[in-house]
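Asks: Predicted model and sequence follow; I will ask about them next.
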Amino acid sequence: MSRLTVLTTIAILSAAPAFASGEHAGGHDGVMAMGMPGDASQVDRTIEVTMKEAEYGEMVFAPSDMQFKAGETVRLVITNEGELEHEFVLDTPEKNQEHKALMAKFPEMEHDDPNAIRLMPGASGEIVWTFANAGTFEYACLILGHYESGMHGPAVVN
């Protein structure tokens, strides 16, 4: 076995436990399609967001859609008013679908991204975001089954 093969095998095996343990840290620390983490001292407005279970098994965000202006910095104050754990992930619909597929494989995945927050029942947190680019993006809960139960909405940047 060549030295390169041995080193490659060691690198793959040493990376696998961190991936399999469900860590998802720092993947979005820079500029994304919809913008970047905002400066809390430069917030233009605050939006209160709630997450909860509704009747008939539906899971919802309120508001059910959001509008932003390009260049606007927004503080999203997110509260889990439900009885289950929920998350709020802000990204493109395509990236959310990729993330949802990964969450299906690793349901206990932990997040450490400026565009996402996971909250236990009754907990609150915030995301400060600068919406740099116009387009239609999405916020969603990507915990297994929550998206399918209605927990997603459009984030439109004009």
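Replies: Thanks, I have the structure now. Numbering: from 1, shown residues only.
Asks: any low-confidence regions in the protein?
Replies: 1-30 (pLDDT under 70).
Asks: can you give me the helices for it?
Replies: Counting by DSSP state H, the chain has helices at residues 3-20, 93-105.
Asks: ranges for the strands of the chain?
Replies: Taking DSSP state E as the criterion, the chain carries its strands at 23-25, 35-37, 45-53, 59-62, 66-68, 72-80, 86-91, 110-112, 116-119, 124-131, 135-140, 152-157.
Asks: most packed of the ones you listed?
Replies: Mean neighbours per residue, mean count of other CB atoms under 10 Å, is largest over the strands of the chain for strand 86-91, with a mean of 24. (Each C-beta comes from the backbone N, C-alpha and C, glycine too.)
Asks: Next, the angle from that one to strand 152-157.
Replies: Orientation check (axes from the mean of the first three to the mean of the last three CA atoms, to 10 degrees): strand 86-91 against strand 152-157 gives 40 degrees.
Asks: Would you confirm that residue 91 contacts residue 99?
Replies: Yes - when contacts are counted by CB atoms under 8 Å, residue 91 is listed as touching residue 99 (7.0 Å).
Asks: Could you verify my assumption that residue 100 touches residue 148?
Replies: No - using CB under 8 Å as the test, residue 100 is too far from residue 148 to be in contact (9.3 Å).
Asks: Which one's more surrounded, the two?
Replies: residue 100 (19 against 10; other CB atoms under 10 Å).
Asks: for the more buried one, what are its contacts?
Replies: By CB atoms under 8 Å, 6 or more residues apart in numbering, the contact set of residue 100 is 140, 142, 147.
Asks: possible to save these as TSV with distance to residue 49?
Replies: Formatted as TSV, these follow (distance: CB to CB, whole Å):
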residue	distance to residue 49
140	12
142	15
147	16
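Asks: Please tell me how far the spatially closest residue to residue 33 that is not a sequence neighbour sits from residue 142.
Replies: Closest residue to residue 33 apart from its sequence neighbours, by CB to CB, 6 or more residues apart in numbering: residue 92 at 5.2 Å. Distance of residue 92 to residue 142, computed by CB to CB, to the nearest Å: 13 Å.
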